[in-house]
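Q: Kindly generate the corresponding structure for this input.
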Amino acid sequence: MKKLLRKLILTISSLFKGRYAGKMIGLFDFCRDVICKNEKVFAGQIHKRMALESIVPSLNCKSSENPDIEITDKIKVRIVYPSGDSWNNIHTLYEEFVKDDMFQTYVLVKDESRFVNIMQKYNCNYVTYNNYSLVQDNPDIFIYCFYGKHEGELVFPDCRRFINRAYLFIASAVMNEENNDIHWELIRKANVYMKPDIVIADPLVYNALRGYVEDSKLIEMGGCQFDEIYREVGKNHPFPVEWKKIIGKKVFLWATDHGINESYPKNGFTVDLYLRNMIEFFLEHQDYALIFRPHPQLIREMFQQKKFWSYDDVMKIKSYFESTPNIIWDETSDFCCAYDICDALIVDANCSITCSFLTTGKPICRLMRYDIREWLVSPELYDCYYYAQNFNECINFMNMIAKGEDPKEPVRKNGMEKAILHFDGMNGKRMKEFITNDYYKSTLRRVNIMN
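A: Residues are numbered from 1 along each chain as shown. Take a look at the predicted model:
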């Protein structure tokens, strides 16, 4: 019976790509679960019987190498989360795995407060890097959420030897146009470093990676960050009480990038050029309002380098903004309130929000540096945006929006279709289903080879 079911699954797998996929998927899932879960449970039963706590029940049931992870017969899913500011990129994927009882799902994070706080806020199963042994755990499904920002994201050296099936998820929705950009180098390095079975990317990044990642490995799929926006934006969230002062005004959200440096700023970073001008303009034009939302990493950079702002400096400018009639320092946990209340976005040219904000349908102005040459992300979307090469052009943009003019609106709609594969709140579910099916198929291939 077991061999017969295996043959049946292989037959269905061959039809899975054909026109009968919709009719056969239910039967495929059923047979897949019967065989694969049975084999997993059988192997797990042996493991469980040989575990010390089964032999001597009084012993601790947790692994001495991984004290925060319960020993399990379930399929082990581990998600590496290297960015403390971007949980929305994998939140819905985690939700889909954790509610499926066939899987034991944990997030692997740095032992730092900004990572741990996010895990605790959303009541996630997590283990810090310091308390995790990849060799001891031997996960079945290993999802590496990668942003391509810095080499610190490349943790778990030589990890591929201890992983059953590895997935590299490129969390960024945009890609720099110059192939020598650091993001490119890090992503290519991550592909070699991890040797993933599958690389998953949003449409723009998928197109950019073609030719650098094997076609058989590269999968185009919508990102989970758009699920969060779909769920939350436009739902009339209650905004902070102090925001009442900007109601009835023409509201502009200024979202900054990070990358401040004393000698040379990161490509696309503009806060040093425009902050003073912005404050002065809005104080002089109180029928307009500004929501200033600095990137969390920017504030950390200001502190860490100890050459820009101190903690007291930040508190002073926040207090100053509070005293104004029309400027907000936005410290809310996500963009939802700002997305809802603003009339337009002003943003550092290469910030990834240039893509996600397209979902609102509202105008976007990319601030440019006028003192150095810049390489822009996502050349496919150039025509979707307004550009300010200096502050006078930024003023022109704001005045245009105040008049109700927006000639690029239809262009943005077309751009959103290029950049965002699905905007229905289901990307996490689709990604989980893809990874699950891929894992089962690869398991079946190995079983048949062994037999």
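Q: Okay, now the unreliable bits of this protein?
A: 1-67, 83-85, 147-153, 174-186, 259-268, 305-307, 371-377, 445-451 (pLDDT under 70).
Q: which stretches of it form strands?
A: Ranges of strands in the chain, per DSSP state E, are 75-80, 103-109, 126-128, 141-146, 165-170, 198-201, 218-220, 250-255, 288-293, 327-329, 344-348, 364-367, 386-388.
Q: of all those strands, which lies closest to residue 317?
A: strand 327-329 (7.5 Å; CB to CB). C-beta coordinates here come from the backbone N, C-alpha and C atoms, glycine included.
Q: Could you name the helices and strands sitting against that closest one?
A: Under the contact definition 3 or more CB pairs under 8 Å, 6 or more residues apart in numbering; DSSP states H and E, strand 327-329 sits against helix 271-284, strand 288-293, helix 311-323.
Q: CA atoms of the last one as PDB?
A: Which is helix 311-323. The C-alpha coordinates for helix 311-323 follow below in PDB (Å, rounded to 0.1, in the frame of the first residue of the first chain):
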ATOM      1  CA  TYR A 311      20.000  61.200  23.300                       C
ATOM      2  CA  ASP A 312      19.300  64.600  24.700                       C
ATOM      3  CA  ASP A 313      19.400  66.100  21.200                       C
ATOM      4  CA  VAL A 314      16.700  63.700  20.000                       C
ATOM      5  CA  MET A 315      14.500  64.500  23.000                       C
ATOM      6  CA  LYS A 316      14.900  68.200  22.400                       C
ATOM      7  CA  ILE A 317      13.900  68.100  18.700                       C
ATOM      8  CA  LYS A 318      11.000  65.800  19.600                       C
ATOM      9  CA  SER A 319       9.800  68.300  22.200                       C
ATOM     10  CA  TYR A 320      10.300  71.100  19.700                       C
ATOM     11  CA  PHE A 321       8.100  69.300  17.100                       C
ATOM     12  CA  GLU A 322       5.400  68.800  19.800                       C
ATOM     13  CA  SER A 323       5.400  72.500  20.400                       C
END
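Q: For the closest residue to residue 402 other than its chain neighbours, name its beta-bridge partners.
A: Excluding the flanking residues, the one nearest residue 402 by CB to CB, 6 or more residues apart in numbering is residue 250, at 4.8 Å. Residues in a beta bridge with residue 250, per DSSP bridges, are residue 288.
Q: doesn't residue 400 make contact with residue 250?
A: No. With contacts counted by CB atoms under 8 Å, residue 250 stays clear of residue 400, the gap being 10.8 Å.
Q: which of those two has more neighbours?
A: Set residue 250 next to residue 400 and count neighbours by other CB atoms under 10 Å: residue 250 wins out with 19 against 16.
Q: which residues touch that one?
A: Residues counted as contacts of residue 250 (CB atoms under 8 Å, 6 or more residues apart in numbering) are 287, 288, 289, 343, 398, 401, 402.
Q: For these, pick the one with the most neighbours.
A: Busiest of those [other CB under 10 Å] is residue 289, holding 25 neighbours.
Q: ok, it to residue 283 distance?
A: From residue 289 across to residue 283, the span is 11 Å (CB to CB, to the nearest Å).
Q: ok, residue 311 to residue 301 distance?
A: Residue 311 is 14 Å from residue 301, by CB to CB.
Q: who has more neighbours, those two?
A: Using other CB under 10 Å as the criterion, residue 311 and residue 301 rank with residue 301 on top: 19 against 10.
Q: just the helices in the stretch 101-250 of the chain please.
A: For the stretch 101-250 of the chain, the helices defined by DSSP state H, counting those that start in this stretch occupy 113-121, 134-137, 182-194, 203-209, 225-232.
Q: between those, which one is nearest to residue 164?
A: Residue 164 lies closest to helix 134-137 among the helices of the stretch 101-250 of the chain, at 10.9 Å (CB to CB).
Q: In the closest one, which of the residues would be classed as buried?
A: Buried residues in helix 134-137, counted by 16 or more other CB atoms under 10 Å: 134, 137.
Q: Next: stretch 239-255.
A: Within stretch 239-255, the residues that count as buried by 16+ other CB under 10 Å are 239, 243, 245, 246, 249, 250, 251, 252, 253, 254, 255.
Q: which one among these gets closest to residue 273?
A: residue 254 (12.5 Å).
Q: Could you tell me how many residues sit around the closest residue in space to the closest one that isn't next to it in sequence?
A: Residue nearest to residue 254 in three dimensions, not counting chain neighbours: residue 346, with 4.6 Å by CB to CB, 6+ apart. Neighbourhood size, residue 346 [other CB under 10 Å]: 27.
Q: is it true that residue 346 touches residue 394?
A: Yes. Using CB under 8 Å, residue 346 makes contact with residue 394 at a distance of 6.7 Å.
Q: circling back: overlap in contacts, residue 289 and residue 283.
A: 326, 327.
Q: related to what we said a few turns ago, including distance to residue 360, could the buried residues of stretch 239-255 go into TSV?
A: Listed next are those as TSV, based on distance: CB to CB, whole Å:
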residue	distance to residue 360
239	16
243	18
245	22
246	17
249	18
250	16
251	13
252	13
253	10
254	15
255	12
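Q: Could you work out the most separated pair of those?
A: Most distant of the buried residues of stretch 239-255, by CB to CB, are 245 and 255, 20.0 Å apart.
Q: What are the structural domain limits within this structure?
A: 1-62, 74-223+427-450, 234-419 (automatic domain parsing).
Q: mind putting those in a markdown table, distance to residue 68 included?
A: Converted to a markdown table, these look like this (distance: least, CB to CB, whole Å):
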| stretch | distance to residue 68 |
| --- | --- |
| domain 1-62 | 7 |
| domain 74-223+427-450 | 5 |
| domain 234-419 | 25 |
